[in-house]
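# Mind looking at a prediction? Sequence and model below.
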Amino acid sequence: MAAILGLIIGVVVGLFVKPDIPVVLQPYLPIMVVAALDSLLGAARAYFERSFSDRVFVVSFITNVITATLLVFLGNQLGVGSQLQTAVIVVLGIRIFSNVSSIRRFIFRG
């Protein structure tokens, strides 16, 4: 419950404060958001499966965001940033749909 309340407060504060994102981080922000969404849905799936651990969630969240960002950064350094960014988005998208599918099956299982 505290996590959901924190998420809601964070979104409301972000809407009113409208923080400036440094130009250096702007190309990586979409990847960070998708990686964070993957972690959040993975946590929701684990919650429904009764295997949720807050420590695992925090480590997974931070690791997913950093790994995805570093992959895109490496791609930019190698000159294949857009291709590697697409690959990261596809992989995370598959994981997101898989988690949503599992959550949906749990909810409508009866």
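Yep, it's here. Numbers count the residues shown, from 1 in each chain.
# could you give me the average pLDDT of the longest helix belonging to the chain?
Selection of the longest helix in the chain by residue count, based on DSSP state H, yields helix 81-107. For helix 81-107, mean pLDDT is 92.
# what comes up buried for it?
Residues of helix 81-107 classed as buried: Gly81, Leu84, Gln85, Val88, Ile89, Leu92, Arg95, Ile96, Asn99, Ser102, Ile103 (neighbour count, 16 or more other C-beta atoms under 10 Å). Heads up, the C-betas are built off the backbone N, CA and C, glycines and all.
# so what pLDDT did the residue nearest the centre of the chain get?
Residue closest to the mean C-alpha point of the chain, counted by C-alpha atoms, centre = their mean, is Ala36 at 1.7 Å. On pLDDT, Ala36 comes in at 92.
# Which strand or helix spans the nearest residue to it once chain neighbours are set aside?
Among residues not flanking Ala36 along the chain, Val65 sits closest, at 5.7 Å (C-beta to C-beta, 6 or more residues apart in numbering). According to DSSP states H and E, Val65 maps onto helix 54-78.
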